[in-house]
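Q: Have a look at this prediction, sequence included:
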Amino acid sequence: MVVRAYVISPQLIPTSESRLRLRLRWTPLMLGILLCALPALSQGPGGSGAPVTFTPQQGIATQMGNTASGRPDDTRRGVKIQVTILDSNKQPLKQESLVRITSQDTGHVFFQTTKGTETTFADLPPGKYLIEVGSAGYIGGHAEVNITDLAHDAAQNFLLPRDPAAVNLTLGDEALPSKVRKQAEKGVQALVLGNFVEARKYLESAHHQDPTSPKINFLLAYTAFQQKEEDRELEYLLETIKLDPQDLQAQNMLGQLYYRRDEYAHAADAESIVVARSKDSIPARKVLANSYLKLKQFEKAREQSQWLVDHGGSEAGSARLVLGQALAALGKYEEAVPVLQDYLKNEPQSSVAGQVRELIADLQKDAANAKLAIPDPDLGNGTEILLKAGMPLDVDKQKPTVAAGVNCPANILQLTANSSNQLVASVSQFSAIDHMVHESISPQGATRNRETRTYNYVVSITDPPDGALSFQEYRNSDNLDMPDKVNTNGLAVLALAFHPYFRNDFEVKCEGLGDWNGTAAWVVYFHQLDNKPARLRFYVANKVYYPVSLKGRAWLSADNYQIIHMETDLVKPVPEIRLNTEHTSVSYGPVQFRKYSADLWLPISADMYVSWGSRRFHRSENFDHFMLFATDASEAAKPPKTETTPPPVPNSGPSPNE
């Protein structure tokens, strides 16, 4: 059963039988991704799971002010908070930003990403709110607003200064001979496009003509970093700093390189320079705290990790690992244990969770002999902060707020399965209009090359008596030329992970009662079981199948247990096909059809972020104009005859993104 397919570089050709029946002409470079449940495939090779987009660098931003505008309207459901984000020159940022608003009264958290310089949160209850903003390469900011009643909205402006330690791939105003600049500009363009072989060729040519340019040396170091050639990276970074000792981004990269090479004293020296000049640089402080711990300079490790806990935003979780060990090494055992327990609470899926539990047990029994040598997994495995720019936060890093003391329903898995069964039982085929926006993501995390497409979209689901679900998905076009040569299917049916056919493949845990965009919802986490074959998804490269394990989180409406939102990530990368990250986020909503007395819950919007080799992109899809084609479930799927089927009446409920 093909449930989901992402196809790289195919040609999709309509046949004479139907424009919706598509044939694939495979090329040698073709890469596909399939969510499958075919018994034959499970026996094949390897066969036996408001949106957050990236981890911002957060600090104290320059605030332009907080204003309120009178809106006397007794019929309004809530108030609005408008957030405007500019750089330090009061110019709009040319990239996405993350905005998080936290109610100081209820603890509810709302996320949005800006497509431009502004975003608005609507239908919020009056009260006190903390607003936090962040953008890759900038020092984030925060502010508090207090909205007293429904008659007032709030507007908050932020000026974000650029983080001087962030990677900047522009040539700037450096005086370069015209021939050298021309070659260097071609190299920069290739870097932004992720073509590191081409970038190296042009940059080495420019370097040969002008070896004294610190910027060209740094760009060559960054290229070597991307190509994982540490000796070349070190050579060019040292030359960059020799030519320009004030280059903080070179110092920051040098500190991270030394840490990866286990040269902790050199790493601490480099990052100390960065922190001295840019105290809000979270990447530098993170390396610095871990380096001091390795060097057994425990008071310095405590100082740096405490700063991260207090100011580091999402990095506060991993900083507790260093802080707890530093406190223990300083003999402050009673302080260390709760800090380490907080680390486990915030990082339950950490690869070192078992070691941390053992350390806590040792500290409670024989603290003097406890072993303090647990590395930060984000740094210990070579994961580079720079590679995360522009990519979303992993579901294991997200910590949704849930109500204290509220127990999950004992039969919540059965209730969720009922929703999946209802969809399969009710729908043979449905169609919609798919509005697609595709954006490439640069190495700095900035979006570029925005493309917009519109497709007719058809989904077919069957559940024959043998129980083997069948799913097909179509987009019709005379020339289906998908952006970036990537065809993506299956975002609509992630909820089938809770169908009885797949449910036992996952470890499932209800985390409590939270909310999604103001709607009370049960929060359910799921993770592919190690002892179960990954049947839900396969990657396909040159006709070889690579099973992929998924993890994710779902928000189920507390009223009817329908899935209103889901997010998934890969359990681990797939190095064989250079797949680093794939994050999906899908929101569902009720759609009313004339044939049914009850609404059907169908996908309303979907987002996907992919890091594949040196390429990264973000694709968003919004669905509307739904039509339903109900047939007997045992029939083979056929293209719908829309001229004989009356159109449904879409539900006018609020969009999940509002």
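A: Arrived safely. All values derive from a computational prediction rather than experimental measurement.
Q: Wait, Val356 touches Leu340, no?
A: Yes. Between Val356 and Leu340 there is a contact at 5.7 Å, judged by CB atoms under 8 Å. Glycine gets a C-beta too; all of them are placed from N, C-alpha and C.
Q: What sits closest to the residue nearest the centre of the chain if chain neighbours are left out?
A: In the chain, the residue lying closest to the centroid (CA atoms, centre = their mean) is Pro392, at 1.7 Å. Using CB to CB, 6 or more residues apart in numbering and skipping residues adjacent in sequence, the residue nearest Pro392 is His583, 4.3 Å away.
Q: confidence score at the one you found?
A: His583 carries a pLDDT value of 89.
Q: That one against Met391, yeah?
A: Yes. Using CB under 8 Å, His583 is in contact with Met391, at 7.0 Å.
Q: What is the subsequent helix or strand relative to the host helix or strand of Val424?
A: Using DSSP states H and E, Val424 sits in helix 412-426. Heading C-terminal from helix 412-426, the first helix or strand you meet, by DSSP H and E, is strand 429-441.
Q: In this structure Ser103 contacts Gly127, no?
A: Yes. When contacts are counted by CB under 8 Å, Ser103 is listed as touching Gly127 (5.8 Å).
Q: downstream neighbour of the helix or strand hosting Leu203 in the secondary structure list?
A: When secondary structure is defined by DSSP H and E, Leu203 falls within helix 196-209. Downstream of helix 196-209, the first helix or strand assigned by DSSP H and E is helix 214-226.
Q: in the stretch 251-400 of the chain, which ranges drop under the pLDDT threshold?
A: Applying pLDDT under 70 to the stretch 251-400 of the chain picks out residues 312-316, 349, 380-390.
Q: How about stretch 575-588, which residues are buried there?
A: Within stretch 575-588, the residues that count as buried by 16 or more other CB atoms under 10 Å are 577, 579-588.
Q: Out of those, the closest to Asp269 would be?
A: Proximity of the buried residues of stretch 575-588 to Asp269 was ranked by CB to CB; the top entry is Asn580 with 30.3 Å.
Q: Just the helices from the stretch 201-350 of the chain, written as ranges.
A: 214-226, 230-243, 248-260, 264-277, 282-294, 298-311, 316-329, 333-346 (DSSP state H, counting those that start in this stretch).
Q: which other residues reach the fourth one?
A: Among residues not part of helix 264-277, those counted as contacts by CB atoms under 8 Å, 6 or more residues apart in numbering are 164-165, 248, 251-252, 254-256, 258-259, 281, 284-285, 287-288, 291-292, 294-295, 297, 304.
Q: So among these, which ones count as buried?
A: Among those, those scoring as buried are 164-165, 248, 251-252, 254-256, 258-259, 281, 284-285, 287-288, 291-292, 294, 297, 304 (criterion: 16+ other CB under 10 Å).
Q: Flag every buried residue along stretch 170-181.
A: Neighbour-count burial for stretch 170-181, counted by 16+ other CB under 10 Å, picks out 171, 176, 180-181.
Q: so where does Asp362 fall, helix or strand?
A: helix 353-365.
Q: Which positions in that helix come out as buried?
A: Neighbour count says helix 353-365 has 355-356, 359-360, 362-363 buried, by 16+ other CB under 10 Å.
Q: How about stretch 321-340?
A: 321-329, 332, 336-337, 339-340.
Q: Just the element for Arg619, please.
A: Judged by DSSP H and E, Arg619 forms part of strand 615-629.
Q: Please state the offset of that strand from the chain centre?
A: 18 Å (CA atoms, centre = their mean, to the nearest Å).
Q: Stretch 404-418 too?
A: Centroid displacement of stretch 404-418 relative to its chain, using CA atoms, centre = their mean, is 27 Å.
Q: Pull the CA coordinates from stretch 296-306 and hand them back as PDB.
A: C-alpha atoms of stretch 296-306 as PDB (Å, rounded to 0.1, in the frame of the first residue of the first chain):
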ATOM      1  CA  LYS A 296      37.400  20.300  35.100                       C
ATOM      2  CA  GLN A 297      37.100  24.100  35.600                       C
ATOM      3  CA  PHE A 298      33.800  23.500  37.300                       C
ATOM      4  CA  GLU A 299      33.100  27.000  38.600                       C
ATOM      5  CA  LYS A 300      33.500  28.400  35.100                       C
ATOM      6  CA  ALA A 301      31.300  25.600  33.700                       C
ATOM      7  CA  ARG A 302      28.700  26.400  36.400                       C
ATOM      8  CA  GLU A 303      28.800  30.100  35.500                       C
ATOM      9  CA  GLN A 304      28.300  29.600  31.800                       C
ATOM     10  CA  SER A 305      25.600  26.900  32.100                       C
ATOM     11  CA  GLN A 306      23.700  28.900  34.600                       C
END
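Q: Now do the buried residues in that stretch.
A: So stretch 296-306, judged by 16+ other CB under 10 Å, has buried residues 297-298, 300-306.
Q: cool, and stretch 269-280?
A: Residues 269-275, 278, 280 are the ones in stretch 269-280 that count as buried (16+ other CB under 10 Å).
Q: Surely the residue nearest to the centre of the chain touches Ser585?
A: Yes. The criterion here is CB under 8 Å, and Pro392 meets it with Ser585 at 7.4 Å.
Q: coming back round to it: what sits up against the helix holding Leu203?
A: 176-177, 179-181, 183-184, 186-188, 190-191, 213, 216-217, 219-220, 223, 226-227, 614.
Q: 6 Å instead, please
A: Helix 196-209 is contacted by residues 180, 183-184, 186-187, 190-191, 216, 219-220, 223, 226-227, 614 when judged by CB atoms under 6 Å, 6 or more residues apart in numbering.
Q: buried subset of those residues?
A: Of those, these count as buried by 16+ other CB under 10 Å: 180, 183-184, 186-187, 190-191, 216, 219-220, 223, 226, 614.
Q: which neighbours do His583 and Met391 share?
A: Residues touching both His583 and Met391 (CB under 6 Å, 6+ apart): Tyr609.
Q: What helix or strand is the closest residue to Cys408 other than its chain neighbours located in?
A: Among residues not flanking Cys408 along the chain, Cys510 sits closest, at 3.5 Å (CB to CB, 6+ apart). Using DSSP H and E, Cys510 falls within strand 506-516.
Q: right, and the helix or strand after that strand?
A: strand 519-528.
Q: what ranges of the stretch 1-150 of the chain fall below the confidence cut-off?
A: By pLDDT under 70, the weakly predicted segments of the stretch 1-150 of the chain are 1-75, 115-116, 136-137.
Q: 80 instead, please
A: Residues of the stretch 1-150 of the chain meeting the criterion pLDDT under 80: 1-76, 88, 93-98, 107, 109, 111, 113-116, 134-141.
Q: Would you verify that Pro375 is located in a helix?
A: No. With DSSP: H, G, I helix; E, B strand; the rest coil as the criterion, Pro375 is located in coil rather than a helix.
Q: Domain parsing of this structure, as residue ranges.
A: 2-51+392-644, 62-160, 178-388 (automatic domain parsing).
Q: Return the most buried member of those.
A: Mean neighbour count (mean count of other CB atoms under 10 Å) peaks for domain 178-388 among those, with a mean of 20.
Q: Can you show me the strands along the stretch 51-200 of the chain?
A: Assigned by DSSP state E, counting those that start in this stretch, the stretch 51-200 of the chain shows strands spanning 62-70, 79-87, 97-103, 109-114, 118-124, 127-134, 141-147, 152-160.
Q: Export the buried residues of stretch 321-340 as TSV, with columns for distance to Glu204.
A: Below are the buried residues of stretch 321-340 laid out as TSV (distance: CB to CB, whole Å):
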residue	distance to Glu204
Leu321	40
Val322	39
Leu323	43
Gly324	46
Gln325	43
Ala326	43
Leu327	48
Ala328	49
Ala329	46
Lys332	52
Ala336	50
Val337	53
Val339	48
Leu340	48
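Q: Out of the residues you listed, the closest to Trp601 would be?
A: Leu321 (39.9 Å).
Q: how far away is the nearest residue to the closest one once chain neighbours are set aside from Leu393?
A: Spatial nearest neighbour of Leu321, chain neighbours left out: Tyr343 (5.0 Å); criterion: CB to CB, 6+ apart. Distance check for Tyr343 against Leu393: by CB to CB, to the nearest Å, it reads 17 Å.
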